[in-house]
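In: A predicted structure for the sequence below; I have some questions about it.
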Amino acid sequence: MTRNAVNPTLALPRSKLQGWEPRVPLREGLSRTIEFFKTIVK
């Protein structure tokens, strides 16, 4: 199966940046991002 923007994987960042791993889980990161934008867009 080919992955794209609609169905992404972490294979590309891991291959380009050796040893790269996300620092926070996806749900936590999305939650932080949403809260950040809520403070900006009022």
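Out: Done, it's in.
In: just give me the residue right at the centre of the protein.
Out: For the chain, Leu26 is the residue whose C-alpha lies nearest the centre (C-alpha atoms, centre = their mean; 6.3 Å).
In: and that residue, how far from Leu10?
Out: Separation of Leu26 from Leu10 (C-beta to C-beta, to the nearest Å) stands at 10 Å. Quick note: C-beta positions are derived from backbone N, CA and C, even for glycine.
In: gap between Thr39 and Leu17?
Out: Taken as C-beta to C-beta, the span from Thr39 to Leu17 is 29 Å.
In: ugh, wrong one, Lys42
Out: Look at Lys42 and Leu17: by C-beta to C-beta, they are 35 Å apart.
In: who's more crowded, those two?
Out: Leu17 (9 against 4; other C-beta atoms under 10 Å).
In: need the pLDDT of the more buried one.
Out: In this prediction, Leu17 carries a pLDDT score of 78.
In: thank you kindly, that will do.
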